[in-house]
Structures are given as structure tokens and as C-alpha cells.
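# Here's my sequence, what's the structure:
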Amino acid sequence: MSTNVYVTRLLPPDSMRLLDAACEVVEVNPHDRTLTRPELLDAVRGRDGLLCLLTDTIDEEVLAAAAGIKGIANYAVGYNNIDVATATRRGIPVSNTPGVLTETTADMAWVLMFAVARRVVEGDRFVRAGKFTGWGPMLLLGSDVHGKTLGIVGAGRIGTAVAARAAGFSMRVVYTDEVRSEALEALGARRLALDDVLREADFISLHVPLMPETHHLIGERALDLMKPTAYLINTSRGPVVDEKALVKALQDKRIAGAGLDVFEQEPALAPGLVDLDNVVIVPHIASATVETRTKMGNMAVTNLLAMLRGEDPPNCVNPEWRQQR
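Here you go, the predicted structure:
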């Protein structure tokens with residue numbers, strides 16, 4: 001295929017081989033970082049296709065610079081980084097990578113639950129610092145996970161996968177969502193209003209998309225409703241949580257702890273967050289396994305190649321793009 005595409009970050013080897021084999025020119029961001037605005041604007045000019053990340057803002061200015069582009073493949077489930085409405089008006093299809101990271105992200109939510117409740121990171125630092133002198137009955141006491149109540153906020157694929165794992169730990173599950181989830185209720189979960197989930201759950205796991213109505217969904221008021229023994233887990237989107245309010249709640253011990261994979265102003269963190277022992281913070285790695293990231297890359301490449309052929313990609317988020325062509 002005689003095409004010229006740009007990739008905003010290096011993909012796993014299998015995915016790059018798939019792309020290289022099908023395209024005449026494949027240029028990749030040579031830096032191990034997000035492109036600056038001027039770099040991105042320059043990179044998209046004259047391209048037939050773009051494979052980008054959630055960290056790349058593809059707005060009207062970028063789309064204008066990418067005049068003539070045949071498609072945009074987002075290497076992510078979410079696509080709030082792309083001005084889809086403008087892309088549609090310009091007759092540009094946009095795709096994402098849904099479903100592929102569901103189980104891996106659900107695993108990470110559980111990793112964070114155990115890590116913060118059982119003080120795993122603190123314990124690791126304690127041993128590495130040479131402070132461990134032997135077992136003691138009060139050493140690094142944490143909280144049980146088994147037998148507790150798990151609260152799921154957002155009953156989509158990932159929230160359901162997180163809830164499915166709870167049966168192995170004899171947990172009661174409650175959830176909140178705008179619509180009833182037959183899948184969750186088949187697992188024994190009970191649907192409640194958000195406030196009631198916050199009041200009842202020992203672990204709150206967030207799985208909502210970032211929209212105006214979910215921005216700062218968990219703020220000072222929501223945190224005040226949680227039990228002082230409860231933990232907040234976020235593997236969804238950073239701005240769903242008011243990070244400054246969370247830092248204050250953790251400092252004041254109004255909740256027991258938090259496990260965060262995403263942040264409000266990535267890669268920056270709210271002041272004081274890194275100083276807290278009752279929070280586990282990891283760098284947006286919920287989908288970071290060789291298997292899952294390769295599947296994501298292959299899906300994004302497959303989507304892009306379809307668009308370059310003038311076809312609807314398998315995971316098109318704006319099928320109405322054809323009406324503008």
C-alpha cells in the first residue's frame with residue numbers, strides 16, 4: 001500500500017511490523033515522550049494516516065494541518081483527545097481499541113486494592129531501607145480485602161470484570177450506573193444510588209468515562225460520604241477525581257487510602273500526593289502488559305489500514321463520516 005503514515009509513539013514490535021509491511025512510509029516520533037504542539041502540527045502535514053495516543057490532542061487546528069488525511073486510529077479505548085465532531089465534518093473516520101484491555105485493567109484495579117489495603121509498597125520500602133528486624137504482631141497492619149463490600153462506579157465492561165473477580169474473595173458487590181446492569185446483577189451485585197455506594201462500600205472502584213457530568217465526580221462531598229476505613233481505586237480517568245480534595249482527605253485520614261493509576265493533570269500530581277504513605281500511585285500502566293499492549297497496537301493498525309483503503313474501520317467511533325465524503 002503506497003501510503004505515508006505517522007505514529008506519535010513507538011508501538012510494540014509486532015504492531016510496527018504489521019504497519020511497516022503494509023505502508024510505503026511509516027514515520028514514528030523519535031522521542032520517548034509526547035510530541036510538543038509544534039512538533040505534532042508539523043508531523044501530521046501531508047500524511048495519509050495518523051496513529052495517535054490519548055495524550056495527543058487532535059483538535060481543529062491539528063485536523064486542519066492534516067488536510068487530506070484518510071483516517072485517525074487512536075491507540076486507546078477512550079477518544080476524548082480527538083475532536084470527533086470536526087473530524088466527521090471533514091469526512092475523516094476515527095477509530096479506537098475497545099474491549100482489548102478490559103481484563104488487564106480489571107487486574108490492575110485489584111492490584112491497587114491489595115497494594116494499598118495490605119500496605120505492600122510501604123512494606124517493600126521498609127525492607128529495602130534495612131528496617132526489618134523480624135516479625136512483630138503490630139508491624140504494618142493493613143486491612144482485609146476478603147469479605148468486604150466492593151463498590152463499582154460505572155457498570156461497563158471493566159467495572160463488570162472487576163466485580164466478577166470479587167466472588168473469589170467472598171465480597172458483597174454494590175454498583176451505581178445510569179442504567180441497570182444485568183451482567184452485574186447476574187453476579188449478585190445490587191444497584192444503588194452513588195451516595196449509597198459511597199456510604200456502604202469498603203472499596204470504591206471507578207470505571208466511568210470522562211464527560212462533563214463525571215468531571216470531579218469524586219470530590220470533597222463524595223469523599224466525606226465514604227467510610228473512614230474505605231479505599232478509593234481509580235483506573236478510569238484522572239479528572240473523575242478532584243485530586244486536591246483527595247489529598248486533603250488522605251492527609252486528614254477521612255478515608256483509609258487510595259490506589260491511583262491515573263491523575264488529573266498527567267504527568268503532574270497534586271501537591272502533597274507523593275508525600276502520603278496511604279496512597280499507591282502508578283504511572284498509568286493499567287494496560288501495560290506485553291500481551292495487551294500488542295493486541296491494542298494490532299487493533300489500531302488494523303483500523304488504520306482499513307481507513308487507508310477507504311473502508312470503515314472495525315472500531316469506527318464516527319460511522320457518519322461517510323456522509324461528508
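# okay, now the nearest residue to A87 once chain neighbours are set aside: neighbour count?
The shortest distance from A87 to any non-neighbouring residue, by Cβ to Cβ, 6 or more residues apart in numbering, is to V94 (5.2 Å). Quick note: C-beta positions are derived from backbone N, CA and C, even for glycine. Other residues lying near V94 total 25 when counted by other Cβ atoms under 10 Å.
# Would you mind measuring from A300 to E24?
19 Å (Cβ to Cβ, to the nearest Å).
# of the two, who's got more company?
Shown here are A300 and E24; by other Cβ under 10 Å, A300 has more neighbours (28 against 11).
# Next up, the contacts around the residue nearest to A87.
For V94, the contacting residues are 71-74, 79, 82, 84, 87-88, 316-318, 321, by Cβ atoms under 8 Å, 6 or more residues apart in numbering.
# Now for the most centrally placed residue in the chain: which residues touch it?
Per Cα atoms, centre = their mean, the C-alpha nearest to the average position across the chain is that of S236, at 4.4 Å. S236 is in contact with G154, I158, L206, H207, V208, P209, L210, V262, counting by Cβ under 8 Å, 6+ apart.
# I'd assumed V282 was in contact with the last one.
No. V262 lies out of contact with V282 (Cβ atoms under 8 Å); the separation is 9.3 Å.
# any weak-confidence spans in the stretch 1-150 of the chain?
Judged against pLDDT under 70, the low-scoring parts of the stretch 1-150 of the chain cover residues 1-2.
# Between V262 and V282, which is the more surrounded one?
Neighbour count, other Cβ under 10 Å: between V262 and V282, V262 has more, with 21 against 17.
# Next up, the contacts around the more buried one.
By Cβ under 8 Å, 6+ apart, the neighbours of V262 are N234, T235, S236, R237, G238, H284, A286.
# a helix runs through L305, doesn't it?
Yes. Counting by DSSP: H, G, I helix; E, B strand; the rest coil, L305 is found in a helix.
# Quick check: chain neighbours aside, which residue is closest to it?
A22 (5.4 Å).
# same thing with E61?
In space, E61 is closest to L41, 7.0 Å off (Cβ to Cβ, 6+ apart).
# Can you verify that neighbour is assigned to a helix?
Yes. Assessed with three-state DSSP, L41 lies in a helix.
# can you count the residues close to it?
15.
# V28 versus that one, what's the distance?
On the measure of Cβ to Cβ, L41 and V28 end up 17 Å apart.
# Kindly report the same for A73.
From A73 to V28 the distance is 14 Å (Cβ to Cβ).
# Can you list the residue ranges for helices in the stretch 101-250 of the chain?
102-117, 120-128, 157-165, 182-186, 194-200, 220-225, 243-251 (DSSP state H, counting those that start in this stretch).
# who does the helix or strand just after the last one pair up with?
Past helix 243-251, further along toward the C-terminus, the next helix or strand under DSSP states H and E is strand 257-260. For strand 257-260, sheet partners with direction are given as strand 231-234 (parallel), strand 279-281 (parallel), following DSSP bridges.
# quick one: buried residues of strand 257-260?
G257, A258, G259, L260 (16 or more other Cβ atoms under 10 Å).
# do stretch 268-279 as well
Neighbour-count burial for stretch 268-279 [16+ other Cβ under 10 Å]: L269, A270, L273, V279.
# How are the strands of the chain distributed by residue range?
4-7, 25-28, 49-52, 71-74, 94-95, 149-153, 172-176, 190-191, 203-206, 231-234, 257-260, 279-281 (DSSP state E).
# Looking at the ones you listed, which is nearest to F126?
strand 279-281 (14.4 Å; Cβ to Cβ).
# partner residues bridging the residue nearest to A87?
I72.
# which ones are touching the residue nearest to S236 when sequence neighbours are not counted?
For S236, ignoring the flanking residues on the chain, the nearest one in space by Cβ to Cβ, 6+ apart is L206 at 4.6 Å. Going by Cβ under 8 Å, 6+ apart, L206 touches V153, G154, L217, I218, L232, I233, N234, T235, S236, V240, V241.
# quick one: which of those is nearest to V290?
Distances from V290 to the contacts of L206, taken by Cβ to Cβ, are shortest for T235, at 18.9 Å.
# The closest one reaches T104, doesn't it?
No. Using Cβ under 8 Å, T235 is not in contact with T104, being 10.1 Å away.
# Between the two, which contacts overlap?
A286.
# just to revisit the earlier point, need the buried residues of stretch 268-279 in a markdown table (columns: distance to P228).
Output for the buried residues of stretch 268-279, formatted as a markdown table (distance: Cβ to Cβ, whole Å):
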| residue | distance to P228 |
| --- | --- |
| L269 | 24 |
| A270 | 21 |
| L273 | 19 |
| V279 | 15 |
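# Now do R221: how many residues are near it, please.
Neighbours of R221 (other Cβ under 10 Å): 12.
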